[in-house]
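Participant: structure of the sequence below:
(one chain, ligands or ions: 2)
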Amino acid sequence: MSYRILEKQQYSEKVFKFRIDAPKMAAHAKAGQFLMVRANECGERVPFTFANWNADEGWVEFIFMVVGKTTQMLSSYEVGDEILDVTGPLGQPTEIDEGRWCVIGGGVGLAIANPVARQMVEAGREVHVIMGARTKDLLLLEDQFRSFLDDDHLHITTDDGSYGEQGVVTAPLERLLQEKAVDHVFCVGPVPMMKFSALTAEKYNTPIIASLNPIMVDGTGMCGCCRVEVGGETKFACVDGPDFDATQVNWADLQMRQAAYRTEEGESLKAFEEGSCSCQK
Ligand SMILES: Cc1cc2nc3c(=O)[nH]c(=O)nc-3n(C[C@H](O)[C@H](O)[C@H](O)COP(=O)(O)OP(=O)(O)OC[C@H]3O[C@@H](n4cnc5c(N)ncnc54)[C@H](O)[C@@H]3O)c2cc1C
Ligand code: FES
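Facilitator: Numbering: from 1, shown residues only. Ligands and ions are numbered 1, 2, ... in the order given. All right, here's what the predicted structure looks like:
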(Lines give C-alpha, C1' and ligand atoms only; values in the text may rest on other atoms or scores of the structure.)
(Ligands and ions follow the chains in the order given, each with its own letter.)
Protein backbone atom coordinates (compact mmCIF):
# COMPACT_ATOMS: atom_id res chain seq x y z
CA MET A 1 0.00 0.00 0.00
CA SER A 2 1.29 3.47 -0.79
CA TYR A 3 0.33 6.86 0.52
CA ARG A 4 -0.71 9.64 -1.86
CA ILE A 5 0.31 13.23 -1.20
CA LEU A 6 -2.88 15.31 -1.15
CA GLU A 7 -1.30 18.69 -0.37
CA LYS A 8 2.20 20.13 -0.25
CA GLN A 9 2.98 23.42 1.38
CA GLN A 10 6.37 25.13 1.46
CA TYR A 11 6.87 27.36 4.50
CA SER A 12 10.43 28.46 3.78
CA GLU A 13 13.39 27.38 1.69
CA LYS A 14 13.87 24.17 3.70
CA VAL A 15 10.57 23.58 5.51
CA PHE A 16 7.63 21.70 4.00
CA LYS A 17 4.31 20.28 5.06
CA PHE A 18 2.76 17.21 3.44
CA ARG A 19 -0.84 16.09 3.81
CA ILE A 20 -1.19 12.42 2.94
CA ASP A 21 -4.12 10.10 2.41
CA ALA A 22 -4.06 7.76 5.44
CA PRO A 23 -7.56 7.12 6.83
CA LYS A 24 -6.61 4.38 9.34
CA MET A 25 -3.77 6.44 10.79
CA ALA A 26 -5.95 9.55 11.00
CA ALA A 27 -8.49 7.60 13.05
CA HIS A 28 -5.94 6.78 15.75
CA ALA A 29 -3.34 9.61 15.83
CA LYS A 30 -2.76 11.54 19.06
CA ALA A 31 -0.66 14.60 19.96
CA GLY A 32 3.04 13.83 20.33
CA GLN A 33 2.93 10.58 18.35
CA PHE A 34 4.87 10.12 15.16
CA LEU A 35 4.88 8.23 11.89
CA MET A 36 7.73 6.66 9.93
CA VAL A 37 8.17 7.27 6.24
CA ARG A 38 10.02 5.21 3.64
CA ALA A 39 9.94 7.18 0.45
CA ASN A 40 10.73 4.35 -2.01
CA GLU A 41 12.11 0.78 -2.16
CA CYS A 42 15.69 1.91 -1.54
CA GLY A 43 14.82 4.51 1.04
CA GLU A 44 15.63 4.53 4.76
CA ARG A 45 12.84 4.89 7.30
CA VAL A 46 12.68 8.28 9.02
CA PRO A 47 10.35 9.54 11.77
CA PHE A 48 8.17 12.68 11.71
CA THR A 49 5.74 13.92 14.35
CA PHE A 50 2.06 14.23 13.41
CA ALA A 51 1.46 17.92 12.73
CA ASN A 52 -2.28 17.49 12.21
CA TRP A 53 -4.87 14.91 11.19
CA ASN A 54 -8.56 14.62 10.33
CA ALA A 55 -10.30 11.33 11.02
CA ASP A 56 -13.44 12.30 9.05
CA GLU A 57 -11.50 13.28 5.93
CA GLY A 58 -8.90 10.52 6.36
CA TRP A 59 -5.64 12.48 6.17
CA VAL A 60 -2.59 13.17 8.33
CA GLU A 61 0.03 15.91 8.02
CA PHE A 62 3.70 16.20 8.95
CA ILE A 63 6.10 19.12 8.76
CA PHE A 64 9.74 18.51 7.96
CA MET A 65 12.94 20.42 7.53
CA VAL A 66 15.45 19.43 4.87
CA VAL A 67 18.58 18.36 6.74
CA GLY A 68 19.95 15.42 4.75
CA LYS A 69 19.34 12.98 1.93
CA THR A 70 15.92 11.59 2.77
CA THR A 71 14.37 14.93 3.65
CA GLN A 72 15.89 16.44 0.50
CA MET A 73 14.44 13.62 -1.60
CA LEU A 74 11.02 14.00 0.05
CA SER A 75 11.01 17.73 -0.62
CA SER A 76 11.03 16.93 -4.36
CA TYR A 77 7.77 14.95 -4.10
CA GLU A 78 4.68 16.72 -5.40
CA VAL A 79 0.92 16.49 -4.95
CA GLY A 80 -0.30 13.18 -6.44
CA ASP A 81 3.04 11.40 -5.86
CA GLU A 82 3.00 8.30 -3.70
CA ILE A 83 5.16 7.61 -0.65
CA LEU A 84 5.86 3.89 -0.48
CA ASP A 85 5.42 3.24 3.27
CA VAL A 86 4.04 5.30 6.09
CA THR A 87 3.73 3.54 9.45
CA GLY A 88 1.96 4.96 12.48
CA PRO A 89 0.78 6.15 14.86
CA LEU A 90 3.94 5.26 16.80
CA GLY A 91 5.15 6.18 20.27
CA GLN A 92 3.27 7.32 23.33
CA PRO A 93 1.06 10.44 23.10
CA THR A 94 2.21 13.58 24.95
CA GLU A 95 0.42 13.82 28.28
CA ILE A 96 -1.07 17.30 28.38
CA ASP A 97 -1.55 17.68 32.15
CA GLU A 98 -3.76 20.40 33.59
CA GLY A 99 -1.97 23.70 34.20
CA ARG A 100 0.06 26.27 32.28
CA TRP A 101 2.69 25.05 29.85
CA CYS A 102 5.91 26.38 28.41
CA VAL A 103 6.85 24.68 25.13
CA ILE A 104 10.45 25.17 23.99
CA GLY A 105 11.56 24.37 20.46
CA GLY A 106 15.05 24.74 19.09
CA GLY A 107 16.18 24.44 15.48
CA VAL A 108 14.43 21.57 13.67
CA GLY A 109 12.71 20.81 17.01
CA LEU A 110 10.39 23.72 16.19
CA ALA A 111 8.69 21.45 13.64
CA ILE A 112 7.82 19.11 16.52
CA ALA A 113 7.08 21.87 19.08
CA ASN A 114 4.56 23.52 16.76
CA PRO A 115 1.89 20.77 16.68
CA VAL A 116 2.42 19.94 20.36
CA ALA A 117 1.86 23.59 21.40
CA ARG A 118 -1.13 23.94 19.09
CA GLN A 119 -2.72 20.80 20.48
CA MET A 120 -2.17 22.08 24.03
CA VAL A 121 -3.93 25.33 23.13
CA GLU A 122 -6.77 23.35 21.53
CA ALA A 123 -7.03 21.33 24.76
CA GLY A 124 -7.65 24.62 26.61
CA ARG A 125 -4.23 25.10 28.24
CA GLU A 126 -2.46 28.44 28.58
CA VAL A 127 0.77 28.00 26.62
CA HIS A 128 3.96 30.04 26.35
CA VAL A 129 6.26 29.10 23.49
CA ILE A 130 9.97 29.82 23.38
CA MET A 131 11.42 29.58 19.89
CA GLY A 132 15.19 29.35 19.67
CA ALA A 133 17.57 29.30 16.72
CA ARG A 134 21.19 30.12 16.00
CA THR A 135 20.19 32.90 13.64
CA LYS A 136 17.04 34.48 12.14
CA ASP A 137 17.22 32.41 8.93
CA LEU A 138 17.00 29.19 10.93
CA LEU A 139 13.91 30.20 12.87
CA LEU A 140 11.10 27.98 11.58
CA LEU A 141 7.33 28.39 11.53
CA GLU A 142 6.99 31.75 13.28
CA ASP A 143 3.75 32.54 11.40
CA GLN A 144 2.35 29.12 12.28
CA PHE A 145 3.03 29.74 16.00
CA ARG A 146 1.55 33.25 15.77
CA SER A 147 -1.66 31.78 14.31
CA PHE A 148 -2.59 30.43 17.76
CA LEU A 149 -0.49 32.55 20.18
CA ASP A 150 -0.56 36.25 21.04
CA ASP A 151 2.64 38.31 21.37
CA ASP A 152 2.73 37.92 25.17
CA HIS A 153 2.94 34.16 24.82
CA LEU A 154 5.58 33.94 22.10
CA HIS A 155 9.24 34.41 23.08
CA ILE A 156 11.98 34.33 20.46
CA THR A 157 15.71 34.02 20.95
CA THR A 158 18.59 33.87 18.49
CA ASP A 159 22.17 33.11 19.48
CA ASP A 160 23.51 35.98 17.35
CA GLY A 161 20.76 38.50 18.16
CA SER A 162 19.68 38.76 14.50
CA TYR A 163 16.03 38.44 15.63
CA GLY A 164 14.20 38.49 18.95
CA GLU A 165 16.21 38.45 22.14
CA GLN A 166 19.91 37.71 21.85
CA GLY A 167 20.85 34.57 23.74
CA VAL A 168 19.51 31.12 24.42
CA VAL A 169 16.09 29.75 25.36
CA THR A 170 16.92 29.34 29.05
CA ALA A 171 16.83 33.14 29.60
CA PRO A 172 13.06 33.56 28.88
CA LEU A 173 12.44 30.16 30.52
CA GLU A 174 14.09 31.34 33.72
CA ARG A 175 12.00 34.55 33.67
CA LEU A 176 8.76 32.58 33.26
CA LEU A 177 9.75 30.26 36.09
CA GLN A 178 10.71 33.17 38.36
CA GLU A 179 7.34 34.80 37.65
CA LYS A 180 5.63 31.46 38.40
CA ALA A 181 3.89 31.79 35.04
CA VAL A 182 4.15 28.09 34.06
CA ASP A 183 3.53 24.74 35.76
CA HIS A 184 5.04 22.35 33.19
CA VAL A 185 7.73 22.56 30.54
CA PHE A 186 8.05 20.60 27.28
CA CYS A 187 11.22 20.89 25.22
CA VAL A 188 12.47 19.52 21.93
CA GLY A 189 15.59 20.39 19.96
CA PRO A 190 19.35 20.01 20.15
CA VAL A 191 20.72 18.06 23.11
CA PRO A 192 22.51 21.01 24.81
CA MET A 193 19.29 23.07 24.63
CA MET A 194 17.24 20.29 26.23
CA LYS A 195 19.92 19.58 28.83
CA PHE A 196 20.16 23.20 30.00
CA SER A 197 16.38 23.65 29.90
CA ALA A 198 16.15 20.62 32.21
CA LEU A 199 18.68 22.08 34.64
CA THR A 200 16.81 25.41 34.67
CA ALA A 201 13.39 23.83 35.28
CA GLU A 202 14.81 21.56 37.97
CA LYS A 203 16.15 24.62 39.81
CA TYR A 204 12.55 25.83 40.14
CA ASN A 205 11.11 22.37 40.92
CA THR A 206 9.05 22.50 37.75
CA PRO A 207 8.47 19.23 35.85
CA ILE A 208 10.01 19.15 32.39
CA ILE A 209 9.45 16.69 29.55
CA ALA A 210 11.91 16.29 26.70
CA SER A 211 10.87 14.80 23.37
CA LEU A 212 13.96 12.77 22.49
CA ASN A 213 15.13 12.33 18.92
CA PRO A 214 17.61 9.45 18.70
CA ILE A 215 18.05 7.72 15.36
CA MET A 216 15.18 5.30 14.77
CA VAL A 217 15.08 2.42 12.33
CA ASP A 218 11.97 0.28 12.80
CA GLY A 219 10.09 2.52 15.26
CA THR A 220 8.44 -0.49 16.92
CA GLY A 221 10.88 -1.51 19.66
CA MET A 222 12.64 -4.31 17.78
CA CYS A 223 16.00 -2.98 16.56
CA GLY A 224 17.26 -1.22 19.69
CA CYS A 225 18.69 1.66 17.65
CA CYS A 226 16.76 4.33 19.54
CA ARG A 227 17.82 3.28 23.02
CA VAL A 228 18.31 6.06 25.53
CA GLU A 229 19.24 6.04 29.21
CA VAL A 230 16.64 7.58 31.50
CA GLY A 231 16.93 7.39 35.29
CA GLY A 232 19.70 4.82 34.91
CA GLU A 233 17.48 2.48 32.87
CA THR A 234 17.58 1.69 29.18
CA LYS A 235 14.45 2.82 27.32
CA PHE A 236 13.47 2.63 23.67
CA ALA A 237 12.40 6.10 22.58
CA CYS A 238 10.12 4.73 19.86
CA VAL A 239 7.88 2.69 22.17
CA ASP A 240 8.55 4.05 25.68
CA GLY A 241 8.78 7.66 24.45
CA PRO A 242 9.59 9.88 22.68
CA ASP A 243 8.69 11.96 25.79
CA PHE A 244 10.70 11.45 28.97
CA ASP A 245 11.42 13.25 32.25
CA ALA A 246 14.19 15.58 31.05
CA THR A 247 15.90 15.70 34.44
CA GLN A 248 16.61 11.94 34.20
CA VAL A 249 18.08 11.71 30.69
CA ASN A 250 21.72 10.76 30.07
CA TRP A 251 22.40 13.59 27.62
CA ALA A 252 26.03 12.69 26.85
CA ASP A 253 24.96 9.22 25.72
CA LEU A 254 22.15 10.60 23.53
CA GLN A 255 24.47 13.14 21.88
CA MET A 256 27.04 10.44 21.11
CA ARG A 257 24.43 8.09 19.62
CA GLN A 258 22.89 10.85 17.45
CA ALA A 259 26.29 11.56 15.91
CA ALA A 260 27.14 7.91 15.23
CA TYR A 261 26.49 8.07 11.46
CA ARG A 262 27.54 11.66 10.63
CA THR A 263 30.16 10.53 8.10
CA GLU A 264 27.79 8.14 6.32
CA GLU A 265 24.98 10.75 6.36
CA GLY A 266 27.30 13.27 4.71
CA GLU A 267 28.43 10.76 2.07
CA SER A 268 24.85 9.74 1.36
CA LEU A 269 23.72 13.36 0.84
CA LYS A 270 26.71 14.02 -1.44
CA ALA A 271 25.90 10.95 -3.57
CA PHE A 272 22.27 12.05 -3.79
CA GLU A 273 23.22 15.58 -4.86
CA GLU A 274 25.58 14.19 -7.49
CA GLY A 275 22.81 11.91 -8.81
CA SER A 276 24.67 8.67 -8.04
CA CYS A 277 22.44 7.44 -5.19
CA SER A 278 20.26 4.36 -5.77
CA CYS A 279 17.40 6.11 -3.93
CA GLN A 280 16.96 8.68 -6.71
CA LYS A 281 13.27 9.22 -7.34
C1 LIG B 1 10.32 10.83 17.19
C2 LIG B 1 10.93 11.78 16.17
C3 LIG B 1 10.12 12.72 15.57
C4 LIG B 1 10.64 13.61 14.63
N5 LIG B 1 9.82 14.52 14.06
C6 LIG B 1 10.30 15.38 13.14
C7 LIG B 1 9.44 16.35 12.52
O8 LIG B 1 8.23 16.41 12.80
N9 LIG B 1 9.98 17.18 11.60
C10 LIG B 1 11.32 17.12 11.27
O11 LIG B 1 11.76 17.92 10.43
N12 LIG B 1 12.15 16.23 11.83
C13 LIG B 1 11.68 15.35 12.75
N14 LIG B 1 12.52 14.42 13.30
C15 LIG B 1 13.90 14.34 12.82
C16 LIG B 1 13.92 13.64 11.45
O17 LIG B 1 13.56 12.28 11.60
C18 LIG B 1 15.32 13.75 10.82
O19 LIG B 1 15.57 15.11 10.54
C20 LIG B 1 15.43 12.94 9.53
O21 LIG B 1 15.43 11.58 9.86
C22 LIG B 1 16.68 13.31 8.78
O23 LIG B 1 16.89 12.39 7.73
P24 LIG B 1 17.83 12.78 6.48
O25 LIG B 1 18.14 11.57 5.72
O26 LIG B 1 17.22 13.90 5.72
O27 LIG B 1 19.11 13.38 7.16
P28 LIG B 1 20.50 12.66 7.58
O29 LIG B 1 21.60 13.37 6.91
O30 LIG B 1 20.37 11.18 7.37
O31 LIG B 1 20.55 12.94 9.08
C32 LIG B 1 20.59 14.24 9.65
C33 LIG B 1 20.31 14.09 11.14
O34 LIG B 1 18.95 13.67 11.31
C35 LIG B 1 18.84 12.68 12.31
N36 LIG B 1 18.37 11.42 11.71
C37 LIG B 1 18.79 10.83 10.57
N38 LIG B 1 18.15 9.67 10.34
C39 LIG B 1 17.30 9.51 11.36
C40 LIG B 1 16.38 8.51 11.73
N41 LIG B 1 16.19 7.40 10.99
N42 LIG B 1 15.70 8.66 12.88
C43 LIG B 1 15.83 9.78 13.63
N44 LIG B 1 16.70 10.75 13.35
C45 LIG B 1 17.43 10.63 12.24
C46 LIG B 1 20.22 12.50 12.90
O47 LIG B 1 20.34 13.35 14.03
C48 LIG B 1 21.13 12.97 11.81
O49 LIG B 1 22.37 13.42 12.28
C50 LIG B 1 12.03 13.54 14.28
C51 LIG B 1 12.86 12.60 14.90
C52 LIG B 1 12.32 11.73 15.83
C53 LIG B 1 13.20 10.69 16.50
S1 FES C 1 13.67 2.40 16.46
FE2 FES C 1 14.11 0.30 16.69
S3 FES C 1 13.76 -0.08 18.80
FE4 FES C 1 13.19 1.98 18.52
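
Participant: how about the residues of the stretch 101-250 of the chain near ligand 2?
Facilitator: Within reach of ligand 2 by CB under 6 Å from any ligand atom, the stretch 101-250 of the chain has these residues: Met216, Val217, Asp218, Gly219, Gly221, Met222, Cys223, Gly224, Cys225, Cys226, Phe236, Cys238. Backbone N, C-alpha and C define where each C-beta goes, glycine included.

Participant: with distance to Phe64 and pLDDT added, can I get those residues in a markdown table?
Facilitator: Formatted as a markdown table, those follow (distance: CB to CB, whole Å; pLDDT from 0 to 100):
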| residue | distance to Phe64 | pLDDT |
| --- | --- | --- |
| Met216 | 14 | 94 |
| Val217 | 18 | 93 |
| Asp218 | 19 | 92 |
| Gly219 | 16 | 93 |
| Gly221 | 23 | 94 |
| Met222 | 24 | 93 |
| Cys223 | 22 | 94 |
| Gly224 | 25 | 93 |
| Cys225 | 20 | 93 |
| Cys226 | 18 | 95 |
| Phe236 | 23 | 97 |
| Cys238 | 18 | 96 |
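
Participant: just flag the most distant two among the residues you listed.
Facilitator: With distances taken as CB to CB, the most widely separated pair in these is Gly219 and Gly224, at 12.0 Å.

Participant: the two - which one has more neighbours?
Facilitator: Gly219 (23 against 11; other CB atoms under 10 Å).

Participant: so the more buried one makes contact with Ala237?
Facilitator: No - the criterion here is CB atoms under 8 Å, and Gly219 misses it with Ala237 at 9.4 Å.

Participant: anything in contact with each of these two?
Facilitator: Shared contacts of Gly219 and Ala237, defined by CB atoms under 8 Å, 6 or more residues apart in numbering, comprise Gly91, Cys226.
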